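Chemist: The sequence and its predicted three-dimensional model are supplied below.
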Amino acid sequence: MRMMSKALGAVIAAVALFVAGLVTASPAATASLREVTNFGANPTNLRMHLYVPDNVQPRPPILVAVHYCTGSGPAFYSGTEFASLADRYGFIVIYPSATRNGACFDVSSPQALTHNGGSDPVGIVSMVRYVQQNHNGDPERVYVTGASSGGMMTNVLLGAYPDVFKAGASFMGVPFGCFATTDGSEWNSACANGAISKTPQEWGDLVRAAYPGYTGPRPRMQLWHGTEDSILRYPNFNEAIKQWTNVHGLSQTPSFTDRPRPDWVRTRYGDTGGQAPVEAVSVQGAGHDLPQAGMAAEAIRFFGLDSSGPTTTPTVTPTVTPTVTPTGTPGDGDCRVGYTMNTWNTGFTAEVTITNTGSTPVNSWSLTFTLPGGQSVVSAWNATISPSSGQVTARNMSYNATIAPGASASFGFQGSHNGNTDKPTEFNLNGVRCTAA
């Protein structure tokens, strides 16, 4: 068994908090979870648990629900709402269990990231084939969801097996290929920390290379991430948006934006309806503790498995209320701000770096600047930004609140423009004007 890095140990230590945040869901139906053995090719000895509801459809859809590190299929069954939703709508749920040390799924090896290459994905696909053959499962309605390690596996399965899965919902995952390693290790710290950034084309090429020659339709993707995630950092959310929009040949500019709950900012790409090719939900203030109550139902809605069908919520401009009073303001001129833009059509991304050039730390920061006319913020990472246009203020997250003397803090955002791609000309850190780099 390959040794996991110390960083993986941090994930295991944090899982107690994640499990505590899982939704308690005890299905009231008489159907029960049962283990299936001898389900087909299974190179990494995964275990398979199956939930078939009493009111299963004659030709039932199949949902694969993949657990987090240190978890198991039965734990994910008990701690999420997918089984109770299966009782309501009549689909079958497969719960795989990883059996390696740490109970994480392989989302790193070349085998896992290649169509029919081996490792865990082959075993999971065998589970799907088993249900199709033994429970009349509908091959045209196969879906996957998962949290943390399972969220990463959702990306892997949609990337390497587009011929099997029609859509996925990834909770707290990373882009396909982001966690790749070549030295046998299972952990990629750079990816986990949100330090890997690629162009949409580069991310999309990783997916296309997983199954050379494939020309069929690509699965739809729903992405969920908490802005305060300290295990798989929030920048991975934006990188995954870049990847899956590129896979579908779409712009990174949303076709639709709304706020279905006060702490959710939802964007859709390629369509405005409830089953857009790509849908992304940023959860303000959430850590590594998804899915929370109601999120599983949103995934089922995205898959089209709910009887009520897609719903549309009126567009609301996201706003964020500050909760931290900035302290430790540097002296006049004791800060420098770099601002880099990457523009296309009617969209852009901006990377902003704040450098403390003073002699005292900055403890909690807010950076105020004015976006040129016609520009607006769509989503942000490593900071919260409000309002969405005009004079805006970016505020630190809990993990990057302090900027030591000589050190820097960076954040970024995705925006839209009407042809005006000018940059802001003035930046004020905690009320003090900074030098523009």
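Modeler: Structure's in. What do you need?

Chemist: And this structure, what are its domain boundaries?
Modeler: Following automatic domain parsing, one finds the domains of the chain at 6-303, 335-436.

Chemist: I'd like the average pLDDT over the shortest one.
Modeler: Averaging the model's pLDDT scores along domain 335-436 yields 89.

Chemist: Could you do stretch 179-194 as well?
Modeler: pLDDT averaged over stretch 179-194 gives 91.

Chemist: Stretch 78-98 too?
Modeler: Here stretch 78-98 scores 97 as its mean pLDDT.

Chemist: Could you give me the buried positions within that stretch?
Modeler: Neighbour counts over stretch 78-98 (16 or more other C-beta atoms under 10 Å) mark 78-98 as buried. From N, CA and C alone the C-beta is placed, and that goes for glycine too.

Chemist: returning to that earlier point: looking at the domains of the chain, which is buried most?
Modeler: Mean neighbour count (mean count of other C-beta atoms under 10 Å) peaks for domain 6-303 among the domains of the chain, with a mean of 20.

Chemist: Let me see the ranges of the helices in the stretch 101-250 of the chain.
Modeler: Taking DSSP state H, counting those that start in this stretch as the criterion, the stretch 101-250 of the chain carries its helices at 119-134, 149-160, 189-192, 200-210, 235-247.

Chemist: Tabulate these in JSON lines, adding columns for distance to Phe256.
Modeler: Below are the helices of the stretch 101-250 of the chain laid out as JSON lines (distance: least, C-beta to C-beta, whole Å):
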{"stretch": "helix 119-134", "distance to Phe256": "31"}
{"stretch": "helix 149-160", "distance to Phe256": "21"}
{"stretch": "helix 189-192", "distance to Phe256": "29"}
{"stretch": "helix 200-210", "distance to Phe256": "19"}
{"stretch": "helix 235-247", "distance to Phe256": "13"}
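
Chemist: out of those helices, nearest to Phe427?
Modeler: Evaluated with C-beta to C-beta, the helices of the stretch 101-250 of the chain place helix 235-247 nearest to Phe427, the distance being 21.0 Å.

Chemist: Please name every helix or strand in contact with the closest one.
Modeler: helix 200-210, strand 220-226, strand 264-269, strand 278-283, strand 376-381, strand 408-416 (3 or more C-beta pairs under 8 Å, 6 or more residues apart in numbering; DSSP states H and E).

Chemist: helices or strands next to the fifth one in the packing?
Modeler: Under the contact definition 3+ C-beta pairs under 8 Å, 6+ apart, strand 376-381 sits against helix 235-247, strand 264-269, strand 408-416.

Chemist: Can you tell me the strand partners of that strand and which way each runs?
Modeler: strand 408-416 (antiparallel) (DSSP bridges).

Chemist: Show me what secondary structure element comes after the partner strand.
Modeler: Sequence order places strand 427-429 as the next helix or strand after strand 408-416, per DSSP states H and E.

Chemist: contact partners of that next one?
Modeler: Here strand 427-429 makes contact (C-beta atoms under 8 Å, 6 or more residues apart in numbering) with 329-330, 335, 337, 339, 354, 362, 365-369, 433-434, 436.

Chemist: That one pairs with which strands?
Modeler: Partners of strand 427-429 in the sheet, by DSSP bridges, are strand 366-370 (antiparallel), strand 432-433 (antiparallel).

Chemist: Let's have the ones you listed in TSV, adding distance to Thr227.
Modeler: Shown next, in TSV, are the strands paired with strand 427-429 (distance: least, C-beta to C-beta, whole Å):
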stretch	distance to Thr227
strand 366-370	16
strand 432-433	26
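
Chemist: For Trp381, which non-adjacent residue is closest in space?
Modeler: Spatial nearest neighbour of Trp381, chain neighbours left out: Pro235 (4.5 Å); criterion: C-beta to C-beta, 6 or more residues apart in numbering.

Chemist: okay but that neighbour is in contact with Ser197, surely?
Modeler: Yes: if you go by C-beta atoms under 8 Å, Pro235 and Ser197 touch, sitting 7.2 Å apart.

Chemist: now stretch 104-117, how far from the chain's geometric center?
Modeler: Mean-position distance between stretch 104-117 and its chain equals 19 Å (C-alpha atoms, centre = their mean, to the nearest Å).

Chemist: So what touches that stretch?
Modeler: Applying C-beta under 8 Å, 6+ apart, the contact partners of stretch 104-117 are 4, 8, 11, 44, 66, 69-70, 96, 98, 100, 118-122, 149-150, 152-153, 155-156, 159-161, 174, 176-177, 179-182, 184-188, 210-211, 214.
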